[in-house]
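Engineer: Task: produce atomic coordinates for the following.
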Amino acid sequence: MKKYKLISVHYTNECNLSPRCSFCYKTCKEKKVEKPREFWYQLIPFISKLTDQCVLGGGESFIDSSFVSRFANLCKQNNLICNVTTNGRNLMNMSDQLLKETVKDIKMISISYDNEKIKNHTDEFNYFNLVKRIKKLTNCQVGCNLLVDKSMFKKNGTEFILLVEKIFKLKVDRVFALIMKNNYCVDILKFKKIYQYLTKKYNNFYVDDCSKQIIESNNYTNWKKTCHRGVDMISVNEDSFVSSCSFAKPFTKLEKPKDILNIEIPKNEIGKNYCPFLKIPKHLNSS
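Structural biologist: Residues are numbered from 1 along each chain as shown. Presented below is the predicted three-dimensional model:
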């Protein structure tokens, strides 16, 4: 059995959306500090010794589509599953042939759906069209990273059900519902039955750790239980700093690709209860 369930690689902090989404946990730097592309290629054989799955992210992953294609191909050669997260904008502008070539060795592409990227019918059409093209042209699976906020629950929550059902009609392989961790956070306890309904109706409807803890504990004050960070995953950022998850502060740096084999996660980082990205807004703290 491999040491980790997955290793997350954020090879760049560059993004093609400006300004960045308000909920983005990555910060722009005046001067980018990134490892050369060759470093990431050389890292793959060592990652394959620790896990069966690598998740590639950014920034925006497809800011350098040729790198993603090469990275995924090397993963395949090393019997390593490569999944990629993206906002989808660069993929939308690709020709069918380039799209097929770019994603041919990727297992799953998870495309973000939220109200800062999908602002009107045109945005929704472009999103849905991209999903259809990937499903039609390739063998790559498609996931929807659905960032849930108040605007999706304007009335009694039926809007959210209709949205999820509309997305599943595209034959996506997964919908991953993540609650917004800011003042747009919806009080999901009011819509607990809706979450239960969607979970029963769709085997591939998932929620994030935060949502799961809130729903199971039935409050917003006792959800900070041990999570999977450092237990079955680690993350590497654009300058090769390692952390116990994408949201945590780094605890060491990889000087050489093979150094990842000797990573020892500090005890206070393993399953750490507090995550700075998962702050519950003040207006829900008393719920």
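Engineer: quick one, helices of this protein?
Structural biologist: For the chain, helices defined by DSSP state H occupy the ranges 37-47, 65-77, 89-92, 96-103, 121-137, 158-168, 192-201, 209-217.
Engineer: Can you give me the pLDDT of the residue nearest to Phe128 when sequence neighbours are not counted?
Structural biologist: Leaving aside its chain neighbours, Phe128 sits nearest to Leu170 (6.0 Å; criterion: Cβ to Cβ, 6 or more residues apart in numbering). For every residue, glycine as well, the C-beta is placed using N, CA and C. pLDDT, Leu170: 96.
Engineer: now do Val84
Structural biologist: Listed pLDDT for Val84 reads 98.
Engineer: so where's the stretch 51-200 of the chain uncertain?
Structural biologist: Low-confidence segments of the stretch 51-200 of the chain, defined by pLDDT under 70: 181-183.
Engineer: Would you check that the residue nearest to Phe128 makes contact with Asn129?
Structural biologist: No. Counting by Cβ atoms under 8 Å, Leu170 stays clear of Asn129, with 9.7 Å between them.
Engineer: which one of these two has more residues nearby?
Structural biologist: A direct count of neighbours by other Cβ atoms under 10 Å for Leu170 and Asn129 places Leu170 higher, at 17 against 12.
Engineer: What distance do you get for the more buried one to Thr12?
Structural biologist: As judged by Cβ to Cβ, to the nearest Å, Leu170 and Thr12 stand 28 Å apart.
Engineer: With Lys3 instead?
Structural biologist: 25 Å.
Engineer: before we move on, what about Asn268?
Structural biologist: 29 Å.
Engineer: Tell me which of those two has more neighbours.
Structural biologist: Between Asn268 and Thr12, counting by other Cβ under 10 Å, Thr12 is the more crowded of the two (22 against 10).
Engineer: pLDDT score for the more buried one?
Structural biologist: At Thr12, the model reports a pLDDT of 93.
Engineer: Leaving out sequence neighbours, find the closest residue to it.
Structural biologist: Per Cβ to Cβ, 6+ apart, closest to Thr12 is Gly59, 4.3 Å.
Engineer: quick one: the one you found and Leu17 touch, right?
Structural biologist: No. In this structure Gly59 lies outside contact range of Leu17 using Cβ under 8 Å: 9.8 Å.
Engineer: and the two? which has more neighbours close in?
Structural biologist: A count of neighbours by other Cβ under 10 Å puts Gly59 above the other of Gly59 and Leu17, at 24 against 14.
Engineer: ok, that one - contacts?
Structural biologist: Residues in contact with Gly59 (Cβ atoms under 8 Å, 6 or more residues apart in numbering) are 10, 12-15, 26, 238.
Engineer: Would you check how far apart it and Glu14 are?
Structural biologist: 5 Å.
Engineer: Same question for Lys132.
Structural biologist: Lys132 sits 28 Å away from Glu14 when distances are taken as Cβ to Cβ.
Engineer: Compare neighbour counts for these two and give me the winner.
Structural biologist: Neighbours were counted for Lys132 and for Glu14 using other Cβ under 10 Å; Glu14 has more, 16 against 13.
Engineer: residues contacting that one?
Structural biologist: Glu14 sits next to 32, 58-60, 63 when contact means Cβ under 8 Å, 6+ apart.
Engineer: what's the answer for Gln42, then?
Structural biologist: Pro257.
Engineer: Can I get stretch 74-90 in CSV, CA atoms only?
Structural biologist: Taking Å, rounded to 0.1, in the frame of the first residue of the first chain, the C-alpha atoms of stretch 74-90 are listed here in CSV:
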residue,chain,number,x,y,z
LEU,A,74,4.9,11.1,-17.8
CYS,A,75,2.5,10.2,-15.0
LYS,A,76,1.0,7.6,-17.3
GLN,A,77,4.4,6.2,-18.1
ASN,A,78,5.0,5.9,-14.3
ASN,A,79,1.6,4.2,-13.6
LEU,A,80,0.4,7.3,-11.9
ILE,A,81,-3.1,8.7,-12.2
CYS,A,82,-3.1,12.4,-13.1
ASN,A,83,-6.2,14.5,-12.3
VAL,A,84,-6.3,18.3,-13.0
THR,A,85,-8.3,21.2,-11.5
THR,A,86,-9.1,24.2,-13.7
ASN,A,87,-11.3,27.2,-14.3
GLY,A,88,-11.7,25.9,-17.9
ARG,A,89,-11.1,29.1,-19.8
ASN,A,90,-8.1,28.1,-21.8
